[in-house]
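> Sharing a sequence plus its predicted fold:
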Amino acid sequence: MRRRRGGVVMAAAAALVLLMATAAASASRPSSLEGFQPLSKIAVHKATVDLHGSAFVSATPALLGEQGEDTEWVTVKYGWANPSADDWIAVFSPADFMSGSCPNPSRYPDEPLLCTAPIKYQFANYSANYLYWGKGSIRFQLINQRYDFSFALFTGGLEKPKLVAVSEAISFKNPKAPVYPRLAQGKSYDEMTVTWTSGYDISEAYPFVEWGMVVVAGAGAGAAAPTRTAAGTLTFNRGSMCGEPARTVGWRDPGFIHTAFLRDLWPNKEYYYKIGHELSDGAIVWGKQYTFRAPPFPGQNSLQRIIVFGDMGKAERDGSNEFANYQPGSLNTTDRLVEDLDNYDIVFHIGDLPYANGYISQWDQFTAQVAPITAKKPYMIASGNHERDWPNTGGFFDVMDSGGECGVPAETMYYYPAENRANFWYKVDYGMFRFCIADSEHDWREGTEQYKFIEHCLSTVDRKHQPWLIFAAHRVLGYSSNWWYANQGSFEEPEGRESLQKLWQKHRVDVAFFGHVHNYERTCPLYQSQCVSGEKKRYSGTMNGTIFVVAGGGGSHLSDYTSEIPKWSIFRDRDFGFVKLTAFNHSSLLFEYKKSSDGKVYDSFTVERDYRDVLSCVHDSCFPTTLAS
C-alpha cells in the first residue's frame, strides 16, 4: 500500500544551513562534527511513504496525564519483516504529520511527501534483539506539548527515510493545560514575574496567577488570603522566523506564552503561587502550586547565593536524539541544581539555552527540563549566538547559529527586565549584588546604545550598600585561553575588552562572567592583560583589577584550550560545571566552581574588604584631584 499526502519541507537543507553556519562561525565550534542539532540530520524532504503490510507500531498508554501529570513515559512496540540497522522510530506531534501543505514547495523539483521534522527519534535497534527478531520495544518520555502524538517506523536511515508504519494517535488528557512556570525578577526588587506556556488563547480562557504570602502564626504555618493577578499573552508564528529550518521543517506552533507580574513583595518573604485559566463557563484549569522567596531589598545584609553558567542545552532522559553526543552534560547540570534547590537563590543562564537551532519543539523540551528550577527560583537569561544570530537581522555577527530563530523564541518564552525585549541587556539588583547583563550578539562598542546602558548600569550602583558588582555576557568579551581565541591571537572576542575595559576598571567590576567557550577558566585580577595581584585564593583590601571567568560548561560539547597557559590563567577545567557566588555580608564573598558530575567544589576563592577599599583609587577609577584648599 502506498499513499501520498502533503506535508511541510526539508531537513537535509536544514543540515546544509547548519553546515554553512558552522563554516561561517567556526570560532564557536570545536570541530565540524560537534554542535549539530540532532534533528537536522533527518532528511525529511527526501522521505517516501511505503506503508508495509508486515510493519506495525503501537504505543501505550493511549491517554496520558490522567492525574494531571505533564510528563509521562510511553512504551512503543514496533517491527516488520525486513529489519535493518538503520531503521528508526520517530515521534511526531501533532500526530497527523502527513497532512497540510509545505511552505515554499517550489524549492524542490517535486513537492516533498513529508515536510515537518519529528520532535525526537531513536534507532530501532536501541531495543535488544531487534535485528534478530524483527521487532522491538522502546520507552519514550513525552511532555505535554499541546497536541497529540504518533510514532512512525522508518527504514533507509536518516538520509533516505522510508515510512513503513504509523501508530494510532495518543494524547494528554488536557493538551492545553498550563505548564512549566518560569520565574524571573522584574525591573524592581519587589517584583517577581511568572511566565508559563499553555494551549489557551485569550479568546478561550483568561490567564492569571493566584498567589499570596506564606505566613507563620503561632505553632503552625498558613497562607495569606490569595490575590489574583491577570497575565498578558504572547505568541509567534512561522512568519516571525527569519530563516530555515525555523520557517520550514523545524517549525512547530509554540502555543501561548503568558506572563504575570507579582508586585509589592516583602523582601525575603516566602510566597505561594498557582497558575490558572478561567474558561468561558467559569471553570478554572489549574497548574501545580509552587513557592518562591522574594528578592532581598537592594543592599540588604542577608545570606545571598547566586548560580552562574552558560551553554547548557537540553537532553533526553530516554536516550533519544543522540543526546549523549550533543549536550552530554546538560542533564547532570540540571540534576545538580535541582538537588541543591534549597542552597541558592537566583540563577543566571548566560546564553545558549536549548540549542534548538531552529527546531522550535525543542524549546518546550528545554522549559520542561529546567522547570523544577524555574518554578521555584528566578531564572535570568542572556542572549547567545544560538538564540539570536542570523544574517541581515540587525545582530553584530552575520552568521546562522540560531537556525533562523533570530531571537524570537528566547525573547518570547522567557521574561527578562529589559527596556526593549529585542535589546537583550538589563540590570538586576539582588541584595548586595548588582548584575549588569550585556548582549554580546548586539554591538557593545563605544558610542552604541548598549555601551551607554553598560556605562549607566555600572555607574549608578551604590557600592556602599551593593559592594558586589558583576558583569556578564555570552561571548568572551574579556579573556579566554580557548584554542580558537588563542589562534586569533587575541584571547577574546575581537573588539571585546578594548571597548569595555575602561568601564570595568573605572567602576571597579569585581567579576566578569562569560560563556560561549564550553569549559571553565578563571583569571587573576586583570588590568590591560596584566595580573595586578599574585594572590590566587584569598583577596583582601583594594581590588585593582577584575577577575574574568568563563563558565560555559553547562552541558554542551566541551571546548579545548591552547597548549600554552597564559600567565593570567589561574585555573582551567575542561569539564561540565557551574559557578556559585555567596555573599555573607558587605565585606565577605565566596566564589566556588562546582562540577556537574558530583556537585563538589574544584576551584574557589574569597574576597574580604571594607567600603573604603572600594573607594580607593586604582587605574582609571578616579578623577584628577587638586591641592586647592
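Now that the structure is in, tell me what you want to look at.

> C-alpha from now on. contacts and neighbour counts both.
Noted.

> Would you mind measuring from Val49 to Val601?
In this view, Val49 and Val601 are 53 Å apart by C-alpha to C-alpha, to the nearest Å.

> Going by how many neighbours each has, rank those two and give me the top one.
Val49 (19 against 16; other C-alpha atoms under 10 Å).

> Setting the sequence-adjacent residues aside, check what's closest to the more buried one.
Distances taken as C-alpha to C-alpha, 6 or more residues apart in numbering place Leu163 nearest to Val49, at 4.8 Å, with adjacent residues excluded.

> do the same with Tyr78
Of all residues not flanking Tyr78 in the chain, Val57 sits nearest, at 4.3 Å (C-alpha to C-alpha, 6+ apart).

> picking that back up, helix, strand or coil: sort out the residue nearest to Val49 for me.
Counting by DSSP: H, G, I helix; E, B strand; the rest coil, the backbone at Leu163 sits in strand.

> Let's verify Gly447: helix, strand, or coil?
Relying on three-state DSSP, one would call Gly447 coil.

> now the one 4 residues further on
Here Tyr451 takes the helix state, with states given by three-state DSSP.

> isn't it right next to Arg445, touching?
Yes: with contacts counted by C-alpha atoms under 8 Å, Tyr451 reaches Arg445, the gap being 5.9 Å.

> For Trp251, give its distance to Val285.
28 Å.

> Neighbour count for these two, which is higher?
Trp251 (23 against 16).

> What's the end-to-end length of stretch 423-443?
End to end - C-alpha to C-alpha - stretch 423-443 spans 10 Å.

> Give the rounded mean pLDDT of that stretch.
Stretch 423-443 carries an average pLDDT of 98.

> Could you do stretch 151-158 as well?
The average pLDDT within stretch 151-158 is 97.

> Report the backbone C-alpha coordinates of that stretch in PDB.
Presented in PDB, the C-alpha positions along stretch 151-158 are these (Å, rounded to 0.1, in the frame of the first residue of the first chain):
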ATOM      1  CA  PHE A 151       5.000   7.200  16.300                       C
ATOM      2  CA  ALA A 152       6.500   6.200  12.900                       C
ATOM      3  CA  LEU A 153       8.800   3.400  11.800                       C
ATOM      4  CA  PHE A 154      11.200   4.400   9.100                       C
ATOM      5  CA  THR A 155      13.800   2.400   7.200                       C
ATOM      6  CA  GLY A 156      16.500   3.700   5.000                       C
ATOM      7  CA  GLY A 157      18.300   5.600   7.700                       C
ATOM      8  CA  LEU A 158      18.200   9.400   8.400                       C
END
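
> in it, what counts as buried?
Neighbour-count burial for stretch 151-158, counted by 16 or more other C-alpha atoms under 10 Å, picks out 151-158.

> Turn the residues you listed into TSV, columns for distance to Gly515 and secondary structure.
Formatted as TSV, those follow (distance: C-alpha to C-alpha, whole Å; DSSP: H, G, I helix; E, B strand; the rest coil):
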residue	distance to Gly515	secondary structure
Phe151	37	strand
Ala152	38	strand
Leu153	39	strand
Phe154	38	strand
Thr155	40	strand
Gly156	39	coil
Gly157	35	coil
Leu158	32	coil
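
> ok, those residues vs Tyr593, which is closest?
Closest to Tyr593 out of the buried residues of stretch 151-158 is Leu158 (39.7 Å), distances taken as C-alpha to C-alpha.

> Spit out the contact partners of the closest one.
Neighbour list for Leu158: 41-43, 86 [criterion: C-alpha atoms under 8 Å, 6 or more residues apart in numbering].

> Only whichever of those are buried, select them in ChimeraX.
Buried members of these, defined by 16+ other C-alpha under 10 Å, are picked up in ChimeraX with:
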select :41,42,43
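
> Filter the contacts of Leu158 down to the ones in helices?
Under the assignment DSSP state H, the contacts of Leu158 contribute nothing to helices.

> distance between the ends of stretch 226-244?
46 Å.

> how far does that stretch sit from the chain's center?
Remark: stretch 226-244 is offset 17 Å from the chain centroid, using C-alpha atoms, centre = their mean, to the nearest Å.

> likewise stretch 292-307?
With C-alpha atoms, centre = their mean, you get 23 Å for stretch 292-307.

> can you check stretch 513-531 too?
22 Å.

> buried stuff in it?
In stretch 513-531, counting by 16+ other C-alpha under 10 Å, buried: 513-527, 531.

> Kindly report the same for stretch 582-590.
Buried residues in stretch 582-590 (16+ other C-alpha under 10 Å): 582-583, 585-590.

> Report pLDDT for Gln327.
83.

> same thing with Asp264?
So Asp264 comes in at 98 (pLDDT).

> ok, it to Asn321 distance?
Counting by C-alpha to C-alpha - Asp264 and Asn321 are separated by 44 Å.

> These two: which is more packed in?
Each of Asp264 and Asn321 has its neighbours counted (other C-alpha under 10 Å); Asn321 has more, 21 against 12.

> Next, give phi and psi for that one.
The phi and psi values for Asn321, taken as degrees, to the nearest 10, are phi 60, psi 20.

> need the contact list for it.
38-39, 120-122, 315.

> what residues are up against Trp468?
432-434, 509-510.

> Go ahead and produce PDB holding the CA coordinates of stretch 122-137.
Provided in PDB are the C-alpha atoms of stretch 122-137 (Å, rounded to 0.1, in the frame of the first residue of the first chain):
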ATOM      1  CA  GLN A 122      15.600   6.800  18.300                       C
ATOM      2  CA  PHE A 123      17.100   4.000  16.300                       C
ATOM      3  CA  ALA A 124      15.000   0.800  16.300                       C
ATOM      4  CA  ASN A 125      17.900  -1.400  17.300                       C
ATOM      5  CA  TYR A 126      18.200   0.500  20.600                       C
ATOM      6  CA  SER A 127      15.900  -2.300  21.600                       C
ATOM      7  CA  ALA A 128      17.900  -5.500  22.100                       C
ATOM      8  CA  ASN A 129      17.500  -8.300  19.500                       C
ATOM      9  CA  TYR A 130      15.500  -6.100  17.100                       C
ATOM     10  CA  LEU A 131      17.700  -7.200  14.100                       C
ATOM     11  CA  TYR A 132      17.300 -10.800  15.100                       C
ATOM     12  CA  TRP A 133      13.600 -10.900  15.900                       C
ATOM     13  CA  GLY A 134      12.400  -8.100  13.600                       C
ATOM     14  CA  LYS A 135      10.500  -6.500  16.500                       C
ATOM     15  CA  GLY A 136      11.400  -4.300  19.500                       C
ATOM     16  CA  SER A 137      10.200  -2.100  22.200                       C
END
